[in-house]
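# What follows is a predicted protein model with its sequence.
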Amino acid sequence: MTEQCVLIIDDEPDIRELLEITLLRMGLNTLTAGNVEEAIEQIREHEPNMCLTDMKLPDGNGIDIVRFLQKNYPHIPVAVITAYGSMDTAVEALKAGAYDFVSKPVDLPKLRDLIQTALQLSQGEKDPRAARSEQQNNERILGSSPAMHTLKQTIGKLARSQAPIYIHGESGSGKELVAHEIHLQSPRNKAPFIPVNCGAIPENLMESEFFGHKKGSFTGAITDKQGLFQAAHRGTLFLDEVADLPLTMQVKLLRAIQERAIKTVGGLEETPVDVRILSATHKSLEHEVAAGRFRQDLYYRLNVIKLKVPPLRERTEDIQMLADFFLKKIAERWQIPPIRLSQKARDALQAYNFPGNVRELENILERASTLCEENTIHAEDLQLPQTGQLDTSPSVSAPKATPNPTNDFHEELTKPSLSVPPPNTNYQAIASDNNAWSPDTNEEEERNMILEALDQTRWNRTKAAELLGMSFRQLRYRIQKYGLDDS
């Protein structure tokens, strides 16, 4: 079919006729079916652009239609019509791959908006199966454990949906990565993915950041400004740490999600926006609602589907794969030979609990890469809190002992391991007497010391490293860290 066509599936002739008239007035062609068997025949023969199905059918239900399309025609969006208050059924359909749901009695204006959006998003997919395969081949979510296999399958299904998803997981587990993958596998992938950390925006600027403002609407508003909702139009808006939103902003966000429209600060008219909302936080939203810090109605709007990202300790089979991936990335970024892990280092990583999850693993390996010699990381280079294995070489200060290894990822992993002398120091003396290093030198002193050594050796990094009593890799890491440039 060259024109856009919607298949209406309902066993009640009166409802089929009402829906058919509504769609014809929108300029769409229609097909109708009264049960699952007839609907499948119509799909195979005509391959419509979209399906609209009632949940209860004589020989099955709407979820049967959703699963058939998900398996055989994943590029065809399907919306289900559910009885009022049947939220569990609607969520089940969304998890199976439905685009969206409509509650009875059907609100025709909202139904028209839903259908227009679904058709617009699916129009650009010339070869949807090939595109989907390419996206899956380029997945950035690593892991072959059962937990990750389940997560990837769920992402593939939920990507086709329009429903809001609440992504729950511990700090460092990869919630933003999951949100981005949902976007990449969705029909919205050609439009922007806009992530925002809700806890990082000052409260007095939140409304302007989310909805934009008009010139002159407040002191300092010297030009019109586009908000996050406008920037994410036809794409995905990811609200990270959504539990940190103040209550006043929660009310305005709820209205924007319900009405699918926003009003800019200083503006008079509402502007329609087509945005899919994904949200995440490391806190328990249920606990925040019970404590009165998060609105219950907004919680239900965001938590239509809850997706859990497993912590690293629940998918230990993936540790070695992730370690190799991060080491390859570090070597490419620093432009150094490949770095390998000794077997004892691998065993130590495998036995560690990783309270900071994947982010902690990456930071541990980046630090170990600066400490290791001959491109091999040994167990003592990892400086894992629970192993007690610390690098005791003279030019490195040992990190403070961590009394409880299950605490959140501790500060030591983000601090430089190398202690340095103050500026204007005799570097030749330091090279011959490593006891002159001070364990309390701050980053500014370290940066100045490295600059002086580089100036003294005319930016010969090998000689500068020898003068400083550190390895070439340690020096290279700090040059990158401090943004030093020989220009």
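Structure received.
# CA atoms for contacts and neighbours, from now on please.
OK.
# Can you give me the buried ones in the helix or strand containing F325?
Using DSSP states H and E, F325 sits within helix 319-334. Neighbour counts over helix 319-334 (16 or more other CA atoms under 10 Å) mark I319, Q320, L322, A323, D324, F326, L327, K328, I330, A331 as buried.
# tell me which of the residues you listed is nearest to Q120?
Comparing the buried residues of helix 319-334 against Q120 with CA to CA picks out L322 as the nearest, at 37.8 Å.
# Would you reformat the buried residues of helix 319-334 as TSV and include distance to E362 and pLDDT?
Below are the buried residues of helix 319-334 laid out as TSV (distance: CA to CA, whole Å; pLDDT from 0 to 100):
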residue	distance to E362	pLDDT
I319	11	96
Q320	12	96
L322	8	96
A323	7	96
D324	10	95
F326	6	95
L327	8	95
K328	11	93
I330	9	92
A331	13	91
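# These: which two are farthest apart?
Pairwise over the buried residues of helix 319-334, using CA to CA, the maximum falls at I319 and A331, 18.3 Å.
# Switch the buried residues of helix 319-334 over to JSON lines; also include distance to D240.
Listed next are the buried residues of helix 319-334 as JSON lines, based on distance: CA to CA, whole Å:
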{"residue": "I319", "distance to D240": "25"}
{"residue": "Q320", "distance to D240": "28"}
{"residue": "L322", "distance to D240": "23"}
{"residue": "A323", "distance to D240": "26"}
{"residue": "D324", "distance to D240": "28"}
{"residue": "F326", "distance to D240": "24"}
{"residue": "L327", "distance to D240": "27"}
{"residue": "K328", "distance to D240": "28"}
{"residue": "I330", "distance to D240": "26"}
{"residue": "A331", "distance to D240": "30"}
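# Show me which of those is closest to V80.
Proximity of those to V80 (CA to CA) peaks at L322, which lies at 39.4 Å.
# I'd guessed the closest one sits against L142; true?
Yes. Using CA atoms under 8 Å, L322 is in contact with L142, at 6.9 Å.
# In terms of pLDDT, where does the residue nearest the centre of the chain sit?
Residue closest to the mean C-alpha point of the chain, counted by CA atoms, centre = their mean, is E176 at 1.7 Å. pLDDT, E176: 94.
# Mind giving me the packing neighbours of the host helix or strand of it?
Secondary structure from DSSP H and E places E176 in helix 175-184. Where contact means 3 or more CA pairs under 8 Å, 6 or more residues apart in numbering; DSSP states H and E, helix 175-184 is packed against helix 146-158, strand 165-168, strand 193-197, strand 236-240, strand 276-281.
# could the ones you listed be laid out in CSV, adding mean pLDDT and mean neighbour count?
Below are the helices and strands packed on helix 175-184 laid out as CSV (pLDDT from 0 to 100; neighbours: other CA atoms under 10 Å):
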stretch, mean pLDDT, mean neighbour count
helix 146-158, 92, 17
strand 165-168, 94, 24
strand 193-197, 95, 18
strand 236-240, 96, 26
strand 276-281, 95, 24
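# contacts for stretch 66-77?
Outside stretch 66-77, the residues that touch it by CA atoms under 8 Å, 6 or more residues apart in numbering are 48-51, 78, 93, 96-99, 118-119, 122, 125, 128-129, 157, 160.
# Can you tell me, leaving aside adjacent residues, what's nearest to A331?
In space, and not counting its chain neighbours, A331 is closest to P338: 5.7 Å by CA to CA, 6 or more residues apart in numbering.
# Ok, K263 next?
Spatial nearest neighbour of K263, chain neighbours left out: E270 (4.5 Å); criterion: CA to CA, 6+ apart.
# who's in contact with the one you found?
A261, I262, K263, T264.
# so the residue nearest to the centre of the chain makes contact with D240?
Yes. Counting by CA under 8 Å, E176 touches D240, with 7.5 Å between them.
# hey, what's in contact with both of those two?
Common neighbours of E176 and D240 (criterion: CA under 8 Å, 6+ apart): P195, A280.
# what's the distance between L7 and P48?
Distance from L7 to P48, counting by CA to CA, to the nearest Å: 6 Å.
# For P403, give me the pLDDT.
Looking at P403, its pLDDT stands at 38.
# list the contacts for T462?
Neighbouring residues of T462 by CA under 8 Å, 6+ apart: F472.
# Just say helix, strand or coil for it.
helix (DSSP: H, G, I helix; E, B strand; the rest coil).
# how about the strand or helix carrying I450: buried residues?
Assessed by DSSP H and E, I450 sits inside helix 443-456. Buried residues in helix 443-456, counted by 16+ other CA under 10 Å: E446, R447, N448, M449, I450, L451, E452, A453, L454.
# for that helix, what is the average pLDDT?
Here helix 443-456 scores 82 as its mean pLDDT.
# For it, list the C-alpha coordinates in PDB.
The C-alpha atoms that make up helix 443-456 are tabulated as PDB, following Å, rounded to 0.1, in the frame of the first residue of the first chain:
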ATOM      1  CA  GLU A 443      47.000  18.700  42.600                       C
ATOM      2  CA  GLU A 444      48.100  22.300  41.900                       C
ATOM      3  CA  GLU A 445      51.600  21.600  43.200                       C
ATOM      4  CA  GLU A 446      51.700  18.400  41.200                       C
ATOM      5  CA  ARG A 447      50.700  20.200  38.100                       C
ATOM      6  CA  ASN A 448      53.400  22.900  38.600                       C
ATOM      7  CA  MET A 449      56.000  20.300  39.300                       C
ATOM      8  CA  ILE A 450      55.300  18.500  36.100                       C
ATOM      9  CA  LEU A 451      55.300  21.700  34.100                       C
ATOM     10  CA  GLU A 452      58.800  22.600  35.500                       C
ATOM     11  CA  ALA A 453      60.200  19.200  34.800                       C
ATOM     12  CA  LEU A 454      58.900  19.400  31.200                       C
ATOM     13  CA  ASP A 455      60.300  22.900  30.700                       C
ATOM     14  CA  GLN A 456      63.700  21.700  32.100                       C
END
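# low pLDDT regions in the protein?
Where the chain drops to pLDDT under 70, the residues are 1-2, 84-85, 124-139, 386-442, 485-487.
# which residues touch the nearest residue to P337 once chain neighbours are set aside?
Spatial nearest neighbour of P337, chain neighbours left out: A331 (6.3 Å); criterion: CA to CA, 6+ apart. When contacts are counted by CA under 8 Å, 6+ apart, A331 touches P337, P338, I339.
# Write a ChimeraX command that selects only the buried members of those residues.
ChimeraX command restricting those to the buried ones, with burial defined by 16+ other CA under 10 Å:
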select :339
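# Give me the subset of the contacts of A331 lying in helices.
Secondary structure defined by DSSP state H assigns none of those to helices.
# With adjacent residues omitted, what lies nearest to E269?
Using CA to CA, 6+ apart, the closest residue to E269 is K263 (6.2 Å).
# Let me see the contact set for that neighbour.
Neighbours of K263 in contact, by CA under 8 Å, 6+ apart: F211, E269, E270, T271.
# Contact partners for S217?
V265, G266.
# buried set for stretch 302-322?
Quick answer for stretch 302-322 (16+ other CA under 10 Å): 302-307, 309-313, 316-320, 322.
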